[in-house]
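> only geometry, no sequence info:
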């Protein structure tokens, strides 16, 4: 009801004779702001999803490195087994190679574990971003429904006012109809105020 009155007052000419520009509904600004927030959260979710893909690729590379390190370890072991008759110096060199391969395998395992943790964190961030985007979209939908409901109530109230004012001309005298019309207008105003308060 207040929005309809504001729209009428905005459309009336100003004292200088130039028509006023119609005002913007606050609900429209709320809806636009929620839409911007929803788009921002969607973009953030897409970026998080890209980070998740990168982390998974890094995990695959770490697992490949671990496989390579284990193959090197087995090769070193086979070489040691084939050279049991070698000198002590040769055995020491082989032992160092085994230790180096084992250290590389341990490092590869640590890298794989870290990559797995990063992938899980990225997955959780993507899920949180998706939940926030859905919540923002739901809030925007509810705000749009509320704005539409208020607009419908305001339209109905305006039609009721016009109908009541038309009753002034039903009788022979406008003065005779004035009291009844005044009561009806008061009733309409009360009903519209209550309806707009519930919307």
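Nice, thanks for sending it over. Treat the numbers as computed from the prediction; the structure is a model and nothing was measured.
> got the residue ranges for the helices in the chain?
Secondary structure of the chain (DSSP state H): helices at 2-11, 26-82, 88-166, 174-198.
> mean pLDDT for the ones you listed: which is lowest?
Among the helices of the chain, helix 2-11 carries the lowest mean pLDDT, at a mean of 44.
> could the helices of the chain go into TSV alongside mean neighbour count?
From N, CA and C alone the C-beta is placed, and that goes for glycine too. Formatted as TSV, the helices of the chain follow (neighbours: other C-beta atoms under 10 Å):
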stretch	mean neighbour count
helix 2-11	13
helix 26-82	15
helix 88-166	15
helix 174-198	13
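> May I have the residues that are in contact with the most centrally placed residue in the chain?
Closest to where the C-alpha atoms of the chain average out (C-alpha atoms, centre = their mean) is residue 133, at 1.9 Å. Residue 133 sits next to 38, 41-42, 45 when contact means C-beta atoms under 8 Å, 6 or more residues apart in numbering.
> Identify, from those, the entry nearest to residue 73.
residue 45 (41.8 Å; C-beta to C-beta).
> Grab the nearest non-local neighbour of that closest one.
In space, residue 45 comes closest to residue 129 once its chain neighbours are excluded; the distance is 3.5 Å by C-beta to C-beta, 6 or more residues apart in numbering.
> Please report the distance of the one you found from residue 116.
Separation of residue 129 from residue 116 (C-beta to C-beta, to the nearest Å) stands at 21 Å.
> what's the answer for residue 196, then?
56 Å.
> Also residue 45?
Counting by C-beta to C-beta, the gap from residue 45 to residue 116 is 22 Å.
> what does residue 29 give?
Relative to residue 116, and taking C-beta to C-beta, residue 29 is found at 45 Å.
> which residues sit in contact with residue 130?
Residues near residue 130 by C-beta under 8 Å, 6+ apart: residue 45.
> go again using 10 Å as the cut-off
Residue 130 makes contact with 41-42, 44-46, 48-49, according to C-beta atoms under 10 Å, 6 or more residues apart in numbering.
> where's it relative to residue 46, distance?
Counting by C-beta to C-beta - residue 130 and residue 46 are separated by 10 Å.
> do the same with residue 39
Applying C-beta to C-beta, the value for residue 39 to residue 46 is 11 Å.
> repeat for residue 188
51 Å.
> what do you get for residue 140?
19 Å.
> surely residue 150 meets residue 27?
Yes: between residue 150 and residue 27 there is a contact at 7.0 Å, judged by C-beta atoms under 10 Å.
> and stretch 80-94, how far apart are its ends?
Stretch 80-94 has its terminal residues 6 Å apart, counting by C-alpha to C-alpha, to the nearest Å.
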